[in-house]
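> Give me a 3D structure for the following:
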Amino acid sequence: MSVRDDTDGSLLLAVTTAARAVVFLSVPWSCPARAACVTFESAAGLLAAECPALGIECLMLDEEADWCQAWLAGLGLPPLGNGHPLGAGSLIWLERGRAVSHELGGYTLQARGVVARSRWLWAS
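Residues are numbered from 1 along each chain as shown. A predicted model of the protein is given here:
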């Protein structure tokens, strides 16, 4: 499974309609976010290899973009979506556009942690 990267808002429909999605919030200027991005890409590969039946979409959104901030504000996950990017490599797990879990400092999770949370949320 590859990570789909959205820099212009063109994948928001995919984010909001996916049965299951993990979204990574990216900014180019943050060291924690860049480190977390490598972890997220590894987690996406593990999810594809170990949990393909879960059908999880992995997407990366530009946290600095106005369209992303507006979308985040609608999720009701303060401090996300307050108009200012955190730059922490935050992660959001979604079911059909509804947030079911999040991690504000995604850099604290290892790839196995992302997989474990995904399994906990969606394994039957």
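
> tell me what the helix or strand where residue 113 lies is packed against?
Residue 113 belongs to helix 111-122 when elements are defined using DSSP states H and E. Counting by 3 or more Cβ pairs under 8 Å, 6 or more residues apart in numbering; DSSP states H and E, the packing neighbours recorded for helix 111-122 are helix 31-50, strand 91-95, strand 98-103. Placement of C-beta: from N, CA and C, glycine included.

> In a markdown table, list those along with distance to residue 69.
Conversion of the helices and strands packed on helix 111-122 to a markdown table gives the following (distance: least, Cβ to Cβ, whole Å):
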| stretch | distance to residue 69 |
| --- | --- |
| helix 31-50 | 15 |
| strand 91-95 | 13 |
| strand 98-103 | 15 |
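
> Bridge partners for the closest residue to residue 44 other than its chain neighbours, pull those for me.
Counting by Cβ to Cβ, 6 or more residues apart in numbering, the nearest residue to residue 44 once its immediate chain neighbours are dropped is residue 58, at 3.9 Å. Beta-bridge partners recorded for residue 58 (DSSP bridges): residue 22.

> Let me see the contact set for residue 58.
By Cβ atoms under 8 Å, 6 or more residues apart in numbering, the contact set of residue 58 is 1, 2, 3, 4, 21, 22, 24, 40, 43, 44, 47.

> Dig out what the fourth one forms beta bridges with.
Judged by DSSP bridges, the bridge partners of residue 4 are residue 59.

> right, and it touches residue 14 too?
Yes: the pair residue 4 and residue 14 qualifies as a contact (Cβ atoms under 8 Å) at a distance of 7.1 Å.

> who touches the residue nearest to the spatial centre of the chain in this structure?
Using Cα atoms, centre = their mean, the residue of the chain that lies closest to the mean C-alpha position is residue 23, 1.6 Å off. Shown in contact with residue 23 (Cβ under 8 Å, 6+ apart): 15, 59, 60, 61, 91, 92, 93, 94.

> Next up, phi/psi of the spatially closest residue to residue 72 that is not a sequence neighbour, please.
Spatial nearest neighbour of residue 72, chain neighbours left out: residue 81 (3.0 Å); criterion: Cβ to Cβ, 6+ apart. Main-chain dihedrals, residue 81, degrees, to the nearest 10: phi 80, psi 20.
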